[in-house]
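J.: Got a predicted structure plus its sequence, pasted below:
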Amino acid sequence: MQKSFTLKERDFFKEPFTRAEIKNILGDTPASQMFNFNSPSFKKMALSPETLSQDDLIDLMLQEPRMIHRPVITIKGNTYFGATQKVLESVLNL
């Protein structure tokens, strides 16, 4: 039996997330899970991750989408940030 999936793709550089969308995507997950601390944009700022609040991280992601850990994928109500092919295959039981 072949599995069927519906894919909704969004280029959030062209269509940026809103604060409400980020908070909805995160749910109870800390913003640090969605934030890409390895982003060159973040490294240029020379900020200490330990000093940033959850709202600070969201503000930075809104200002610079490159700081979002990509890809952002929601499957069966669970969201994965920076998911590898191996993780996705496991989640999709491929």
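T.: Good, I have the coordinates.

J.: Please enumerate the helices of the protein.
T.: Assignment of helices within the chain using DSSP state H yields the ranges 19-26, 31-34, 40-45, 54-63, 85-91.

J.: Mind giving me the packing neighbours of the third one?
T.: Contacting helix 40-45 under the criterion 3 or more C-beta pairs under 8 Å, 6 or more residues apart in numbering; DSSP states H and E is no other helix or strand. The C-beta positions use only the backbone N, C-alpha and C, and glycine is treated the same way.

J.: Buried residues in that helix, which are they?
T.: residue 42 (16 or more other C-beta atoms under 10 Å).

J.: likewise the first one?
T.: Residues of helix 19-26 classed as buried under the neighbour-count rule (16+ other C-beta under 10 Å) are 22, 25-26.

J.: can you check the fourth one too?
T.: Burial within helix 54-63, assessed by neighbour count using 16+ other C-beta under 10 Å, is assigned to 57-58, 60-62.

J.: closest to residue 80 among these?
T.: Checking the buried residues of helix 54-63 against residue 80 with C-beta to C-beta, the nearest one is residue 61 at 16.3 Å.

J.: Not counting its neighbours along the chain, what's nearest residue 22?
T.: The shortest distance from residue 22 to any non-neighbouring residue, by C-beta to C-beta, 6 or more residues apart in numbering, is to residue 58 (5.4 Å).

J.: hmm, back to that, next, give me the two most distant ones among the buried residues of helix 54-63.
T.: 57 and 62 (9.8 Å).

J.: Same list (the buried residues of helix 19-26) but as CSV, adding pLDDT and distance to residue 51.
T.: Putting these into CSV (pLDDT from 0 to 100; distance: C-beta to C-beta, whole Å) gives the following:
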residue, pLDDT, distance to residue 51
22, 97, 20
25, 93, 24
26, 95, 20
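
J.: Any chance of JSON lines for those, columns distance to residue 12?
T.: Formatted as JSON lines, these follow (distance: C-beta to C-beta, whole Å):
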{"residue": "22", "distance to residue 12": "10"}
{"residue": "25", "distance to residue 12": "11"}
{"residue": "26", "distance to residue 12": "14"}
